[in-house]
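Peer 1: pasting the structure only:
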Ligand SMILES: Cc1cc2nc3c(=O)[nH]c(=O)nc-3n(C[C@H](O)[C@H](O)[C@H](O)COP(=O)(O)OP(=O)(O)OC[C@H]3O[C@@H](n4cnc5c(N)ncnc54)[C@H](O)[C@@H]3O)c2cc1C
């Protein structure tokens, strides 16, 4: 060991305070202008943009566990904007654009990697659906093309073109499809927000919401009571449970969603590949591991356990798509909680309680929207006006039967 | 695999069953407001605790009721719907008769 290192070991001030990414936890104040429930990507992104664009820094992010330890840490990091509706495509495209600049903005590498995403059609109906999505995407500035089996073979030579006797007829080739390091996104936003004066309180669970005359006035936590001007709820799988504390009932059902990862192998798969018909998607990480997942569990549950059933059904399909995967070893399997809406679109904006704002219904598709959610929710909090981009996602759409149906563009692609 | 105790067929693998959603009271479609109907079709309590819900044993086409804890996934009890539904539920379509009157008028 070089002796020069010894001086760090003996220095009682090391590591230096200014090197720490997040300030040490402080005591809770009795009042904040804004309380954000949930320290996942969405919560800290909202705090970041509040501080950065609106100069609002008397903000507390309350997280019952640790920063980004919920679905932000559990998702498979598919980033894409090739949705079906104009509302969806516009919204998610903005998010993809923001993602592309995040590493520079944070001065911290989120390992954003544009790979392209390939969705497979195994039926004529699926090809027709892809045609529509291609046109909607192009119209709103996304990069999406319909490609034929020969082009698919060139992109992914290892793909079995006749998996489970369901021949691949065409592909939706989404050039903007990408992936990133999910934890780094939460860390980057949290660092940027706390540097600007926002407080992040981990191990701080909201246990009650105080509402007076139809308006939120504060929250109860395991560390005491806090008064506040307004609340942003960004708790993903726990949306219905936390909203009920404010007396709000939501059009949401919570299901587990599982994923798994193999041992690392040499790089062979550049694009993210997904087959809605086989309920399976596969991608190779920068470390060489294969991450794969499918649809949510078949019935509602608040548990992040892994099941043998899913291992069996998902692996069977993954091996159909990439037969050589049969020789790989599985390293890990895990689950998260997805807050599913019936139209597979989020619930964002106002709630029946004044000054209580909702960022929920993120189901299996909310990682990719982290930047744009933060930006639009911050805009809503700062101005009290719902940004145009998220108007279609108001919870009240369910009362007026105006769903934004993204089911076909979401199943098994996330 | 998780085992579910079907009141008709006994203990079977969970893959034979289809979840049918929470048991809830249907408002009268002819007289309720749009908001009440929306609440019935889209909204849900979705809390952690014991819920009463519908399940279908697919191979035998048999619907039954289960009480299950949504946190622990423990099924406390399964039983035949006749325990709750003691008489046939009629779905009368009142709106249509007024429409046909208009046509004849
Ligand atoms: C297996 C899996 C794969 C997925 N794959 C993708 C994908 O490829 N692409 C994609 O876009 N999306 C994907 N998703 C969905 C995505 O992960 C979520 O939609 C997204 O992470 C939601 O972000 P969030 O910040 O709102 O939630 P979270 O990261 O879950 O943050 C919410 C936080 O709230 C905290 N909380 C809850 N209750 C309280 C309380 N009472 N008090 C204080 N804090 C509380 C939780 O501890 C949690 O940390 C996937 C999800 C799963 C589970």
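Peer 2: Thanks, I have the structure now. Please read these numbers as outputs of a predicted model, since none were measured by experiment.

Peer 1: okay, now the unreliable bits of chain B?
Peer 2: Across chain B, the ranges flagged by pLDDT under 70 are B:93-105.

Peer 1: mind listing the strands for it?
Peer 2: B:3-6, B:10-13, B:17-22, B:50-57, B:62-69, B:75-79 (DSSP state E).

Peer 1: closest one to residue B:35 among these?
Peer 2: Minimum separation from residue B:35 across the strands of chain B (Cβ to Cβ) falls at strand B:17-22, 19.1 Å. (C-beta placed from N, C-alpha, C; glycine too.)

Peer 1: out of everything not next to it in sequence, what's closest to the residue of the stretch 1-150 of chain A found nearest the ligand?
Peer 2: The ligand sits closest to residue A:40 of the stretch 1-150 of chain A, with a gap of 2.0 Å, by Cβ to the nearest ligand atom. Nearest residue to residue A:40, sequence neighbours excluded (Cβ to Cβ, 6 or more residues apart in numbering or on different chains): residue A:72, at 4.3 Å.

Peer 1: next SSE after the helix or strand containing that neighbour?
Peer 2: Applying DSSP states H and E as the criterion places residue A:72 in helix A:71-74. As assigned by DSSP H and E, the chain's next helix or strand after helix A:71-74 is helix A:86-106.

Peer 1: in the sheet, which strands lie alongside the next helix or strand after that next one, parallel or antiparallel?
Peer 2: Per DSSP H and E, the first helix or strand lying C-terminal to helix A:86-106 is strand A:113-114. Here strand A:113-114 is paired, per DSSP bridges, with strand A:178-179 (antiparallel).

Peer 1: what does the partner strand contact?
Peer 2: Under the contact criterion Cβ atoms under 8 Å, 6 or more residues apart in numbering or on different chains, strand A:178-179 has outside partners A:77-80, A:96, A:99, A:112-115, A:117, A:272, A:283, A:285.

Peer 1: quick one: which two of the residues you listed are the most distant?
Peer 2: A:96 and A:285 (19.3 Å).

Peer 1: quick one, which of those two is more surrounded?
Peer 2: Using other Cβ atoms under 10 Å in any protein chain shown, the more surrounded residue of residue A:96 and residue A:285 is residue A:96, with 24 against 19.

Peer 1: ok, that one touching residue A:78?
Peer 2: No: with contact defined as Cβ atoms under 8 Å, residue A:96 does not reach residue A:78; the gap is 11.2 Å.

Peer 1: what is in contact with those two at once?
Peer 2: By Cβ under 8 Å, 6+ apart, residue A:96 and residue A:78 have these common neighbours: residue A:368.

Peer 1: if we can go back for a sec, if I pick the residue nearest to residue A:40, what's in contact with it?
Peer 2: Residues in contact with residue A:72, defined by Cβ under 8 Å, 6+ apart, are A:40, A:41, A:182, A:183, A:185, A:186, A:367, A:370.

Peer 1: pLDDT value on it, please?
Peer 2: At residue A:72, the model reports a pLDDT of 98.

Peer 1: does residue A:298 sit in a helix or strand, and which one?
Peer 2: Of the helices and strands defined by DSSP H and E, none includes residue A:298.

Peer 1: residue B:38 versus the residue nearest to residue B:92 when sequence neighbours are not counted, what's the distance?
Peer 2: Counting by Cβ to Cβ, 6+ apart, residue B:92 lies nearest to residue B:30, which is 7.7 Å off, once chain neighbours are set aside. As defined by Cβ to Cβ, to the nearest Å, residue B:30 lies at a distance of 16 Å from residue B:38.

Peer 1: these two - which one has more neighbours?
Peer 2: residue B:38 (18 against 10).

Peer 1: what's around the residue nearest to the more buried one when sequence neighbours are not counted, how many residues?
Peer 2: Nearest residue to residue B:38, sequence neighbours excluded (Cβ to Cβ, 6+ apart): residue A:399, at 4.8 Å. Using other Cβ under 10 Å, the number of residues around residue A:399 comes to 18.

Peer 1: per-residue confidence at residue A:399?
Peer 2: pLDDT, read off for residue A:399, is 95.

Peer 1: so which residue is dead centre in chain A?
Peer 2: For chain A, residue A:367 is the residue whose C-alpha lies nearest the centre (Cα atoms, centre = their mean; 1.4 Å).

Peer 1: from the ligand, how far out is the residue nearest to residue B:38?
Peer 2: 23 Å (Cβ to the nearest ligand atom, to the nearest Å).

Peer 1: now stretch A:83-97: buried residues?
Peer 2: A:83-85, A:87-96 (16 or more other Cβ atoms under 10 Å in any protein chain shown).

Peer 1: which positions in chain A make contact with the ligand?
Peer 2: Residues of chain A found near the ligand (Cβ under 6 Å from any ligand atom) are A:37-43, A:62-65, A:69-72, A:74-78, A:205-206, A:234-236, A:238, A:242, A:257-259, A:293, A:336, A:338, A:362, A:364-368, A:414.

Peer 1: run the last query once more with 5 Å
Peer 2: Residues of chain A found near the ligand (Cβ under 5 Å from any ligand atom) are A:38, A:40-42, A:62, A:64-65, A:70-72, A:74-76, A:78, A:205-206, A:234-236, A:238, A:257, A:259, A:336, A:362, A:364-368, A:414.

Peer 1: select only the buried ones of those in ChimeraX?
Peer 2: This is how ChimeraX selects the buried members of these, with burial counted by 16+ other Cβ under 10 Å:
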select /A:38,40,41,42,62,64,70,71,72,74,75,76,78,206,234,235,236,238,257,259,336,362,364,365,366,367,368,414
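
Peer 1: just the ones of the residues of chain A next to the ligand in strands?
Peer 2: A:62, A:206, A:257, A:259, A:336.

Peer 1: check contacts around the fourth one.
Peer 2: In this case it means residue A:259. Contacts of residue A:259 by Cβ under 8 Å, 6+ apart are A:74, A:75, A:76, A:291, A:292, A:293, A:333, A:334, A:335.

Peer 1: same thing but at 10 Å, please
Peer 2: Residues near residue A:259 by Cβ atoms under 10 Å, 6 or more residues apart in numbering or on different chains: A:74-76, A:281, A:291-294, A:306, A:310, A:314, A:332-336, A:414.

Peer 1: again, but for the third one
Peer 2: Going by Cβ under 10 Å, 6+ apart, residue A:257 touches A:71, A:74-76, A:237, A:293-297, A:304, A:310, A:334-338, A:340, A:363-364, A:414.

Peer 1: bridging residues for it?
Peer 2: residue A:336.

Peer 1: could you list every helix and strand that the helix or strand bottoming out on mean pLDDT in chain A packs against?
Peer 2: Scoring the helices and strands of chain A by mean pLDDT, DSSP states H and E places helix A:6-10 at the bottom, with a mean of 77. Using 3 or more Cβ pairs under 10 Å, 6 or more residues apart in numbering or on different chains; DSSP states H and E as the contact test, no helix or strand touches helix A:6-10.
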